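**Q** coords below, sequence missing:
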């Protein structure tokens with residue numbers, strides 16, 4: 001599956017003043033697979049350490065000498081790390097956030113070594129006061145779900161994608177092509193842009209039952225993660241808010257509507273945690289009297305965008321037959337799906353190095 005972030009990785013590889021790269025994004029958006037494909041195409045070999053599976057390997061980074069750290073990694077992996085030809089991949093780095101501070105050694109002492117880190121729930125690790133981020137010595141890549149164009153490519157509709165890219169607003173769209181595009185947009189609304197889920201769906205011959213099972217599996221993964229967000233946490237309250245969010249997409253958020261049983265400050269904290277996990281994004285109101293819009297933001301008034309439109313429609317109980325019966329996707333669930341599609345596209349369409357925001 002082609003990800004547009006791949007070209008950003010290629011540019012990063014060839015940059016003169018390259019820094020260790022940290023890929024940020026929610027679980028299941030394809031961070032690990034993207035790096036492995038990148039390594040296979042662009043490097044002679046890959047040395048990968050997964051700190052979630054093998055946290056003990058963090059001991060290799062305790063030395064203050066960058067050359068020693070590199071030597072320990074080579075011995076453990078039984079592989080030679082050759083500058084310019086080997087990619088060193090540190091996955092699930094949120095499990096050992098102290099290593100993030102060590103990345104400065106690679107930038108300062110071993111600039112020829114290509115280093116990529118990835119992790120979900122990274123914002124929780126980075127916000128802890130005991131861990132410092134080497135400012136100016138690392139760079140970031142924000143990765144979200146696949147966009148509609150990536151979805152078209154992955155599902156075998158290259159010509160439709162090419163047509164979209166060449167389309168001008170002055171042109172008219174032939175009815176048959178318009179219907180094809182609407183059909184694929186409805187499919188994208190149900191399947192979403194999580195690569196592993198899309199892969200399972202396509203390999204099953206587009207079996208809707210396989211899709212539902214895979215989506216439920218991913219949602220259960222997110223539920224199980226809630227316990228990692230904070231030591232003292234009302235998991236039941238967080239789950240309740242998470243399940244209510246899909247029915248409030250497109251609406252101005254009122255804390256009491258998300259959880260009438262708990263105080264607003266507790267609901268706000270739950271939203272903060274879900275946003276740190278990148279499962280939701282807040283869209284703040286602005287008076288919009290001029291540029292930049294952010295100068296007149298009122299954070300008391302906001303809407304929400306969910307991580308992925310496919311998971312949203314699953315949580316709303318919308319199935320493919322609902323979209324086929326309803327010609328106008330704007331009318332589906334009072335426009336929530338349409339707002340999600342647009343919000344998700346805008347979030348994914350910004351500069352990949354910048355924090356996504358609306």
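**A** Ah, there it is. Predicted model only: the values in this text are computed from it and were never measured.
**Q** shaky segments in the stretch 201-350 of the chain?
**A** By pLDDT under 70, the low-scoring segments of the stretch 201-350 of the chain are 320-334.
**Q** Strands along the protein, start to end?
**A** 21-24, 45-50, 86-91, 114-119, 139-142, 280-286, 297-306 (DSSP state E).
**Q** Tell me which of those strands approaches residue 348 most closely.
**A** Set against residue 348 and scored by Cβ to Cβ, these come closest in strand 139-142, at 9.0 Å. C-beta here means a position set from N, CA and C on the backbone, and glycine is covered the same way.
**Q** could you give the mean pLDDT of the closest one?
**A** Averaging pLDDT along strand 139-142 gives 95.
**Q** Pull out the buried positions in it.
**A** The neighbour-count check on strand 139-142 (16 or more other Cβ atoms under 10 Å) flags 140-142 as buried.
**Q** That strand pairs with which strands?
**A** strand 21-24 (parallel) (DSSP bridges).
**Q** what does the strand it pairs with contact?
**A** 9, 12, 31, 34-35, 93, 100, 103, 115-119, 122-123, 138-143, 278 (Cβ atoms under 8 Å, 6 or more residues apart in numbering).
**Q** now those residues: which count as buried?
**A** 9, 12, 31, 34-35, 93, 100, 103, 115-119, 122-123, 138, 140-143, 278.
**Q** Who are the contact partners of residue 109?
**A** Counted by Cβ under 8 Å, 6+ apart, residue 109 has contacts 66-67.
**Q** Go again with 7 Å.
**A** residue 66 (Cβ atoms under 7 Å, 6 or more residues apart in numbering).
**Q** Can you report how many residues neighbour the closest residue to residue 249 other than its chain neighbours?
**A** Leaving aside its chain neighbours, residue 249 sits nearest to residue 336 (4.2 Å; criterion: Cβ to Cβ, 6 or more residues apart in numbering). By other Cβ atoms under 10 Å, 21 other residues sit near residue 336.
**Q** Residue 336 against residue 245, yeah?
**A** No - counting by Cβ atoms under 7 Å, residue 336 does not reach residue 245; the two are 10.5 Å apart.
**Q** Give me the neighbour count for the closest residue in space to residue 103 that isn't next to it in sequence.
**A** Among residues not flanking residue 103 along the chain, residue 20 sits closest, at 4.3 Å (Cβ to Cβ, 6+ apart). When neighbours are defined as other Cβ under 10 Å, residue 20 has 24 of them.
**Q** Would you state the helices of the stretch 1-150 of the chain in chain order?
**A** 5-14, 31-42, 66-77, 98-109, 122-126, 148-154 (DSSP state H, counting those that start in this stretch).
**Q** Switch those over to a markdown table; also include distance to residue 310 and mean pLDDT.
**A** Below are the helices of the stretch 1-150 of the chain laid out as a markdown table (distance: least, Cβ to Cβ, whole Å; pLDDT from 0 to 100):
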| stretch | distance to residue 310 | mean pLDDT |
| --- | --- | --- |
| helix 5-14 | 19 | 96 |
| helix 31-42 | 17 | 96 |
| helix 66-77 | 37 | 94 |
| helix 98-109 | 31 | 90 |
| helix 122-126 | 23 | 82 |
| helix 148-154 | 10 | 97 |
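**Q** most neighbours per residue, which of the ones you listed?
**A** Burial of these is given as mean neighbour count (mean count of other Cβ atoms under 10 Å); helix 148-154 ranks first at a mean of 21.
**Q** List the contacts of that one.
**A** 1-4, 146, 160-161, 164, 184-185, 188, 193, 198, 345.
**Q** Likewise for stretch 70-79?
**A** With Cβ under 7 Å, 6+ apart, stretch 70-79 has contacts from 45, 47, 57, 60, 80-81, 110.
**Q** Out of these, flag the one nearest to residue 258.
**A** residue 57 (40.6 Å).
**Q** State the number of residues packed around that closest one.
**A** 18.
**Q** Please apply the same query to residue 45.
**A** 14.
**Q** for residue 51, same thing?
**A** Residue 51, neighbours per other Cβ under 10 Å, totals 21.
**Q** Ok, residue 345 next?
**A** Residues near residue 345, counting by other Cβ under 10 Å: 13.
**Q** ok, it to residue 61 distance?
**A** In this view, residue 345 and residue 61 are 39 Å apart by Cβ to Cβ, to the nearest Å.
**Q** next one: residue 357
**A** 32 Å.
**Q** Neighbour count: those two, which is higher?
**A** Neighbour count, other Cβ under 10 Å: between residue 357 and residue 61, residue 61 has more, with 22 against 12.
**Q** In space, what's closest to residue 227 - neighbours in sequence excluded?
**A** Per Cβ to Cβ, 6+ apart, closest to residue 227 is residue 235, 6.0 Å.
**Q** before we move on, what about residue 43?
**A** residue 87 (4.5 Å).
**Q** now residue 83
**A** residue 112 (3.2 Å).
**Q** Please report the distance of the one you found from residue 11.
**A** Distance from residue 112 to residue 11, by Cβ to Cβ: 17 Å.
**Q** Could you double-check that residue 221 lies in contact with residue 121?
**A** No - judged on Cβ under 7 Å, residue 221 makes no contact with residue 121 at a distance of 11.8 Å.
**Q** The two: which has the busier surroundings?
**A** Between residue 221 and residue 121, residue 121 has the larger neighbour count (other Cβ under 10 Å), namely 19 against 12.
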